[in-house]
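Visitor: Sequence plus predicted model, see below.
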Amino acid sequence: MILDGQRTFLWSGEMHPFRVPSPDLWRDVLEKMKAIGFNTVSFYFDWGFHSPAPGVYDFTGVRDMDRLLTIADQVGLYVIARPGPYINAETDGGGFPAWLATQAGRARSDAPDYLAATDEWQSAIDAIIARHQFTDGTGSVVLYQIENELAATGTSQRNYLQHLYDKARADGIRVPIFHNDKGRNGYWVPPSSTVPGTLPGPVDLYAFDGYPGGTCHTDGSVGSPNAAPDWGIQGAGGAKGGATASDKTPGFTAEFGGGWFDYWGSVGTYPCTAIRQGPGYERVFYGTNIANRLTVQNFYMVSGGTSWGWLPAPVVYTSYDYGAAIDEGRQLRPKAQTLKTLGYFVQSVAPLTRVDKGDAVPTSSAATKIEHTVNAETGTNFYFAVHNPSSATTDDSFTFPVTTADGTYTVPLRLNGQDAKTLVANYDLEGNHLVYSTSEIMTHLRGVALLHGRDGEAGETVLRYPSEPRVQVLEGAAEAAYDAATGDLRLTYSHHGIIRVRVTAPDRPSLTLLIADEDAAATFWRVDDMLVRGPQLVRSAHVHNGRLALTGDTKASSPLEVWAPARTLTWNGKPVATRPDNGALLAVRNLPGPRDIALPDLTAWRYAAESPEAKPGFDDAAWRTADLTATNSTTKPPAGQVVLTADDYGFHHGDIWYRGHFDGPAPASVTLDWGGGGAGLAQAWLDGVHLGQRTIPSGVASPPTRNNDTFPISSDLQTDGPHVLSIMVRNNSHNEDGGVNDAHKEGRGVIGATFDGVVPSGVTWRIQGTAGVDPVRGPLNNGGLYGERNGWSLPGFKDRSWSPVSQPFAAAAPGTSWYRTSFNLRIPADVDASLGLTIGDPAVPRSDRHYRVLIFVNGWNMGQYIADVGPQHTFALPTGVLDPHGRNTIALAVTGDGSSGLEDVRLTTLGVARR
Ligand code: GAL
């Protein structure tokens, strides 16, 4: 299907199963992706999410991948499986399990210990993927990616890639295997490529990625667009030209920007990114890709989701919304509607998959250009019209010649703002001959063609008939003129709302043209061989005995009209009264929207302070004594000090405590060299007295992850011993290894500790991290806070002995304090409410308070709020983690310097739909 004469355009969106922590939500997001025109979904599988320790792979997560692939198949999406072992994806260690941070051999090489580890992972994940292969008729997995962006190209990497390829094949993977070339280097192309300057690898297809759309400015403003690159047949070509690096395989972009991630300390750019990489961007850039014959396109991300727990890499905070088409709260952004027009188009107009570059087509304006492609078999011509340069946003009206077997036409067109259009000429439109149209084709089926254009812009559609057809304008305004000499029927109109025209000619199937402006186009849904108009989402459509069963969502009272081989219909299981209307079925009454929902106020809380580890008398006898003298971490202890880095002692995620016991006079200062990831935190106490807290500087896209900080000690504490120095380090995760330099092995926790600038002798260090791995929520859910180690984050914890408190909250002592509350949710059964938790004032990215919060919802660590870093204030609480019809418990672990109280905490609504 893919290697031999590909005829299906693979239009794919990326979705991370590990960022959408509930099978119900997988189905929801996949149905939405399908509804907005995707036929393929791309999944990264995150090794670190699945494996808490070497040899351990039986987490809920791994078994659920089977379910995930079943759901994708049921929904009707092909799957691109991307199990790494290295992925990036802004996850802890770039997808590596944290236990790899202590391995001797270099990662992403042919080091035997590393390959033994990847074998384990591939055995576990391949066993699942292999059961779902399209080639076996047992699923919908069509492609398999090895590694990701392996930009080192030495013998060791070649051996490594070969090892991954051979292992996948040995594990029964039969679908084509590819690699994703970071940028366009011509690395790891199939042996069939004859392009000079490329590097062959053990792959069947060549794929590359690119994020050319640009990001928002750091102040959160949208800025001006970039120009779209030609990474296929319209471009310069060659090894570094993109798809042209492999001349015998389909044009394949394994990741093409669908948004971008955001960093600790930014102003909060996701809403802006959704505009910067919004409708205009999609039309210009994805349209350019189509004109470049990239017939396998995957957009990263289409649904970003949430980096819950300790998943986020240092470069990103909890929200991985990404400014994607489906937002973190599972709502469709306006850009999803534009994707829908593109996705329906590439799946409806089959000649698109087999085009060649056409003759140059001039335009009447130097401010515009045409990229022209032709399908040699059908003679269908495609004119991709865009500004010249494509970054321009002017309002240009121009003409260009369309020359096909039908003759030569001078065609008028307008491009206003960041925009582009793909026009089709010489095409069989439902058994009627389309000469050309300046409206774009969205889809067509069973005698109905849905065209679209920008509101208020003129359009013309020319069809050819041997004799004058009957033309009925059923709705809106359109002029028809028939030219008996050529046989051309010319329809002219201005796009606005919906214009309906029926053309009936002898010896031709009757054709109904639905010509929509963009807002009206957004109300149409194509499901299989049916077209529906009205609701805010249509998920499925099945006809049985003349009755059409539709499922979908309304967000407001909506009309319902369907074009389907049915006489009656149901909506979400309930009969809908209809009447026939010009070949469609029209609901007599609107579908109802959702009922209002009421959310409880979070007024009553229970409070308890913790951080007993800071107190001198705390019993740490059961803690691990730091006794290692050698480490494989890339950060070594200073001479004379034992290894203190946390991974070496098996403490991989979240908070780590140290207690250093020593005798003799206390120093005047303690200096820590510490690793904390993005916006990590260190707190220190001497003999129970708080010395302060330090945060690793943030506010940049690639933040420092390690810091040197001095904690002065006041003279009254500089007494003779015994002393206890208590240190807590928040590990905001391991670095990614994009540079193939073992960056994930940078130490976390304390790397070096000096007293008055000297490594002290005679300090006994004890270390404590997480108490173990949550058997349900996996290795990334918990760190080593006292409360976590003692079940305070869990819904069943008995907090009756805690102090009752209410908002506004008073300041707590330095260290960590917990706030717990429970509440009932009574969301009606037919309402899908996407809820969030908001802390503080979302109007400002950060406050002047020095604390951070871990948000546990029914035991799930749903993210981290950092008041003085920001920017995130609202945290998605996904259904599945949150019970919309029952009792829920929220536990907040608040860690700060004691100078101020926790800000206002409340439930918020991210989106409501009736289902
Ligand atoms: C790509 C990488 C992805 C992700 C993306 C940025 O280069 O392949 O895994 O990290 O960048 O979001």
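Guide: All right, it came through fine.
Visitor: List the contacts of Y57.
Guide: 50-51, 120-121, 124 (CB atoms under 8 Å, 6 or more residues apart in numbering). Where C-beta positions appear, they are placed from N, C-alpha and C, glycine not excepted.
Visitor: Could you check what's spatially nearest to it, not counting adjacent residues?
Guide: A124 (3.9 Å; CB to CB, 6 or more residues apart in numbering).
Visitor: Which SSE is immediately downstream of the strand or helix carrying the one you found?
Guide: Following DSSP states H and E, one finds A124 within helix 112-129. For helix 112-129, the following helix or strand on the C-terminal side (DSSP H and E) is strand 141-145.
Visitor: circling back: identify, from the contacts of Y57, the entry nearest to R887.
Guide: Ranked by distance to R887 (CB to CB), those are led by H50 at 30.0 Å.
Visitor: Got phi/psi on that closest one?
Guide: Main-chain dihedrals, H50, degrees, to the nearest 10: phi -100, psi -20.
Visitor: if we can go back for a sec, filter the contacts of Y57 down to just the buried residues.
Guide: 50-51, 120-121, 124 (16 or more other CB atoms under 10 Å).
Visitor: what residues does the helix holding A124 touch?
Guide: With CB under 8 Å, 6+ apart as the test, helix 112-129 has contacts from 45, 47, 50-51, 54-55, 57, 62, 65-66, 69, 81, 83-85, 100, 103-108, 141, 144, 160, 163-164, 167-168, 171-173.
Visitor: tell me how far the helix or strand bottoming out on mean pLDDT in the chain is from the chain's mean position?
Guide: Here the helix or strand of the chain ranked lowest by mean pLDDT, DSSP states H and E is helix 60-75, holding a mean of 87. The chain centroid and the centroid of helix 60-75 are separated by 18 Å, computed with CA atoms, centre = their mean, to the nearest Å.
Visitor: which other helices and strands contact that helix?
Guide: helix 23-35, strand 40-44, helix 47-50, strand 78-82, helix 112-129 (3 or more CB pairs under 8 Å, 6 or more residues apart in numbering; DSSP states H and E).
Visitor: Show me which positions of the last one end up buried.
Guide: Within helix 112-129, the residues scored as buried using 16+ other CB under 10 Å are 114-115, 117-122, 124-126, 128-129.
Visitor: Residue numbers of this protein in contact with the ligand?
Guide: Neighbours of the ligand within the chain, by CB under 6 Å from any ligand atom: 87-90, 148-149, 182, 209, 255, 261.
Visitor: ranking the residues you listed by neighbours, who comes first?
Guide: Counting neighbours by other CB atoms under 10 Å, the top entry in the residues of the chain next to the ligand is A89, with 27 neighbours.
Visitor: pLDDT at it, what is it?
Guide: A89 carries a pLDDT value of 98.
Visitor: For it, give me its contacts.
Guide: Counted by CB under 8 Å, 6+ apart, A89 has contacts 16, 44, 46, 95.
Visitor: nearest residue to the last one other than its sequence neighbours?
Guide: Put plainly, it is G95. Spatial nearest neighbour of G95, chain neighbours left out: I87 (3.6 Å); criterion: CB to CB, 6+ apart.
Visitor: the domain parsing of this structure - what is it?
Guide: If you go by automatic domain parsing, the domain ranges for the chain are 10-332, 353-535, 541-593, 612-768, 785-914.
Visitor: For the fourth one, the averaged confidence score.
Guide: Mean pLDDT, domain 612-768: 97.
Visitor: Tell me who's in contact with R694.
Guide: So R694 contacts 672, 681-682, 707, 709, 711 (CB under 8 Å, 6+ apart).
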